[in-house]
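In: sequence and predicted model, in that order:
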Amino acid sequence: MFRFIFFLFGIIAGFITAILVLPIQGKTFFNKMSQLPKPSQDLIDECINLTVSLSKIAIGFVEDLKYRVAESSKVAEKAMQAIREKKEIK
């Protein structure tokens, strides 16, 4: 757990470093990135990869949740129709 907390702290520190160092005038993002120390570059790259991975996980979770809700609503609809049919028979 502590490793994860320190990892998140490192990501935040990398973003702060990038925000402070990158606003050099007249440079593109990649030129600014090449001027950063190698650990900062790696941290920013890993942060981008982590963001992409987390967004893929979130999208997958939402799609799975949407599928499960659709399936449960179908089951609930069938159960309600069965209850209505029983009421009509009585």
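Out: Sure, I can see it.

In: run the chain-centre distance for the biggest helix by length in the chain.
Out: Using DSSP state H, we find that the single longest helix of the chain is helix 38-89. Distance, stretch centre to chain centre, for helix 38-89: 13 Å (CA atoms, centre = their mean, to the nearest Å).

In: going forward, begin numbering at 3 instead of 1
Out: Okay, using 3 as the starting number, the last item reads as helix 40-91.

In: what packs against it?
Out: Judged by 3 or more CB pairs under 8 Å, 6 or more residues apart in numbering; DSSP states H and E, helix 40-91 is in contact with helix 4-23, helix 31-37. Quick note: C-beta positions are derived from backbone N, CA and C, even for glycine.

In: now do it against helix 4-23, angle only.
Out: If you take axes from the mean of the first three to the mean of the last three CA atoms, to 10 degrees, helix 40-91 sits at 120 degrees to helix 4-23.

In: in stretch 6-23, what counts as buried?
Out: By neighbour count on 16 or more other CB atoms under 10 Å, the buried set for stretch 6-23 is 13, 16, 19-20.

In: want to throw those into CSV with distance to Lys89 and pLDDT?
Out: Converted to CSV, the buried residues of stretch 6-23 look like this (distance: CB to CB, whole Å; pLDDT from 0 to 100):
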residue, distance to Lys89, pLDDT
Ile13, 58, 80
Gly16, 63, 77
Thr19, 67, 76
Ala20, 65, 73
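
In: need the residues you listed in TSV (columns: distance to Gly62).
Out: Output for those, formatted as TSV (distance: CB to CB, whole Å):
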residue	distance to Gly62
Ile13	22
Gly16	26
Thr19	31
Ala20	28
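
In: which one of the residues you listed sits closest to Leu45?
Out: In terms of CB to CB, no member of the buried residues of stretch 6-23 lies closer to Leu45 than Gly16, at 3.5 Å.
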